[in-house]
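A.B. asks: Dropping a prediction and its sequence here:
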Amino acid sequence: LTRLTLTRHASLHTSCISLPSSSSHHFSSPISVSLFVAVVTSTVVSNQSLAPAADPKASSNTMFTMNVPNSYGYVVLGAGIGPVITSMYLSGPVMKARKKYNVPYPNCYAVPGYHKNADEFNRVQRSHQNYMEGLDQYIAMTLLGGLKHPIACAVGTVFFFVGSILYQK
């Protein structure tokens, strides 16, 4: 396990997440926190880094400590790379359907009565749109659930992506 500690710096009026070790990695922006979690999960951390912070001042300002499992990297991989690949795969049939059914941009959907094969195109477009509508909630829940059950969430992510592809067919 890797321990992440959120500390408050009263003099700077900011908070940061850090490893309580001699390496003293500190990050204060949301983007840095995301990158920090990705980097920490791919780093092998010794038992020494799980010890309490050596600086008593830092310990008194500790607001939050979270343990991240070593296999959390699989969750980050599934929630970060998987959606991009799946979305690209699902957008292919939509592009082909646009050309086949003559539905040009900026139309998101074909208009029945105006486009000859509106229902056929809208089915393909809707399957991709359905995937995109639920993706952000799924990623958030996977990243959160992966803190307790990383392997189950990583495997569930694979099932979610395969199911999304099969749903489009």
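C.D. replies: Good, I have the coordinates. For clarity, every value in this text was computed on a predicted model and none was experimentally measured.

A.B. asks: Looks like Y109 contacts Q125 (just checking).
C.D. replies: Yes: counting by CB atoms under 8 Å, Y109 touches Q125, with 5.8 Å between them. In short, each C-beta sits where N, CA and C put it, glycine included.

A.B. asks: Please identify which of the two sits among more neighbours.
C.D. replies: Remark: of Y109 and Q125, Q125 carries more neighbours, 21 against 13, as counted by other CB atoms under 10 Å.

A.B. asks: Let me know the helix or strand that that one is in.
C.D. replies: helix 118-145 (DSSP states H and E).

A.B. asks: Could you give me the buried positions within that helix?
C.D. replies: 118, 121-122, 124-125, 127-128, 131, 135, 138-139, 142-143 (16 or more other CB atoms under 10 Å).

A.B. asks: For this protein, just list every one of the helices.
C.D. replies: For the chain, the helices defined by DSSP state H cover 30-41, 56-60, 72-80, 82-101, 118-145, 150-168.

A.B. asks: what's the distance between P69 and A152?
C.D. replies: 11 Å (CB to CB, to the nearest Å).

A.B. asks: Likewise for R98?
C.D. replies: The spacing between R98 and A152, counted by CB to CB, is 38 Å.

A.B. asks: Give me the more crowded residue out of these two.
C.D. replies: For R98 versus A152, neighbours defined as other CB under 10 Å are more numerous around R98 (17 against 13).
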